[in-house]
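[1] Everything below, folded, please.
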Amino acid sequence: MDEAALRAEAGFDTQPTDSDIEGTRDNMLEKVLEADKFPFALIGGCRRDTGSATLTVTLTLHGSTRTLQVPAQIETGADRIA
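    Residues are numbered from 1 along each chain as shown. As a prediction, this is how the structure comes out:
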């Protein structure tokens, strides 16, 4: 949410300083996510029930795996799924 356009769309009328953004990024990577210890977020087991616009996704982040229901807009054609 650090991009000005995204902050405005979310209803924020201020923009953090570059040092605020860097501090938040460092705290998240080092203290919260422990990115050195858990360098990857893994998405797998993605499936869609017939006729549903919801995907069932398995997400592993920070060594913990969760199954989530994710709304999606799915478009299909003869040679693609988007």
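[2] So the residue lying closest to I21 once chain neighbours are set aside: helix, strand or coil?
    Nearest non-adjacent residue to I21, counting by C-beta to C-beta, 6 or more residues apart in numbering: D2, 4.9 Å away. From N, CA and C alone the C-beta is placed, and that goes for glycine too. Following DSSP: H, G, I helix; E, B strand; the rest coil, D2 is assigned to coil.
[3] how about the strands of the protein, start to end?
    With strands called from DSSP state E, the chain shows them at 42-48, 54-61, 64-71, 76-77, 80-81.
[4] Which of the ones you listed sits closest to T17?
    Closest to T17 of the strands of the chain is strand 54-61 (C-beta to C-beta; 27.8 Å).
[5] Can you give me the buried ones in that closest one?
    55, 57, 59 (16 or more other C-beta atoms under 10 Å).
[6] cool, and stretch 31-43?
    Per 16+ other C-beta under 10 Å, stretch 31-43 contains no buried residues.
[7] now what about that stretch, what contacts it?
    29-30, 57-63 (C-beta atoms under 8 Å, 6 or more residues apart in numbering).
[8] 10 Å - rerun?
    24, 27-30, 57-65, 68, 70 (C-beta atoms under 10 Å, 6 or more residues apart in numbering).
[9] Repeat that for stretch 66-76.
    By C-beta under 10 Å, 6+ apart, stretch 66-76 touches 43, 45-46, 48, 52-60, 81-82.
[10] Lowest average pLDDT across the strands of the chain?
    If you rank these by mean pLDDT, strand 80-81 sits at the bottom with a mean of 76.
[11] Please name every helix or strand in contact with it.
    Using 3 or more C-beta pairs under 10 Å, 6 or more residues apart in numbering; DSSP states H and E, no helix or strand is in contact with strand 80-81.
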